[in-house]
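**Student:** Sequence plus predicted model, see below.
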Amino acid sequence: MYRKYFKRPFDFIMALVGLIVLSPVLLVIAILVRIKLGSPVIFKQQRPGLNEKIFTIYKFRTMTNERDEKGTLLPIKDRLTRFGRFLRSTSLDELPELWNILKGDMSFVGPRPLSVNYLPYYTDRERRRHEVVPGLTGLAQINGRNTLPWEERFEFDVYYVENISFAMDLNIMFKTIIKVLKRSDVSDFEDGTTPGDFNKYRAKEFEGVRHD
């Protein structure tokens, strides 16, 4: 009942209230991002959502566009500034995802949407993470956030899909707030690994394949 009838209205109302209440914060962050990191202020990327339907996720930009003498973007560690790390460690960079929630692309709670490039490499069980709307936070995030091994993250995602409830969502949201305030289990990379580490996780099945 909750998943079918109440979860979406709850997300919509909370996202709308959040956007209104936090609009001054969003404006200040946008101005600071423009001054410190340049344009565009909003980072956009394609991610798989419910039933693997592709949508555009919105975040505040956290990296510069610095390039080497050949015009190639520098490594992430060289483009991620102190300000960018602050935005990520406090999860302030994810506030624009409230718009994704308002639109219905995302929920407050659900498996985090990962790279589109990972889609061909999921097992049938792991692919079940796409049976629900992806979330701003999820069960994996409160049990290690960005530091869990891939196997554990996917198991938490599938467990959530199979046991979703209002009580679980409230518990995850509460524990997420605690995690954010403590800035615990944070990595410079969004999913807690360097690009390509998902490929290492599947090294035996997909040896030599890169999709970062």
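**Tutor:** Cool, the structure landed.
**Student:** and the host helix or strand of residue 141, how far from the chain's centre?
**Tutor:** Counting by DSSP states H and E, the element that carries residue 141 is helix 139-142. Relative to its chain's centre, helix 139-142 lies at 11 Å (C-alpha atoms, centre = their mean, to the nearest Å).
**Student:** Repeat that for stretch 46-59.
**Tutor:** Mean-position distance between stretch 46-59 and its chain equals 11 Å (C-alpha atoms, centre = their mean).
**Student:** Please list the outside residues in contact with that stretch.
**Tutor:** Applying C-beta atoms under 8 Å, 6 or more residues apart in numbering, the set of residues contacting stretch 46-59 from outside is 42-45, 93-94, 96-97, 99-100, 105-106, 113-116, 119, 127, 130-134. For every residue, glycine as well, the C-beta is placed using N, CA and C.
**Student:** Just the buried subset of the residues you listed, please.
**Tutor:** Restricting those to buried positions leaves 43, 93-94, 96-97, 99-100, 105-106, 113-115, 130-134, with burial counted as 16 or more other C-beta atoms under 10 Å.
**Student:** name the helices or strands packed onto the strand or helix carrying residue 10?
**Tutor:** Per DSSP H and E: residue 10 is located in helix 7-21. Helices and strands in packing contact with helix 7-21 are listed as helix 97-103, strand 107-109; criterion 3 or more C-beta pairs under 8 Å, 6 or more residues apart in numbering; DSSP states H and E.
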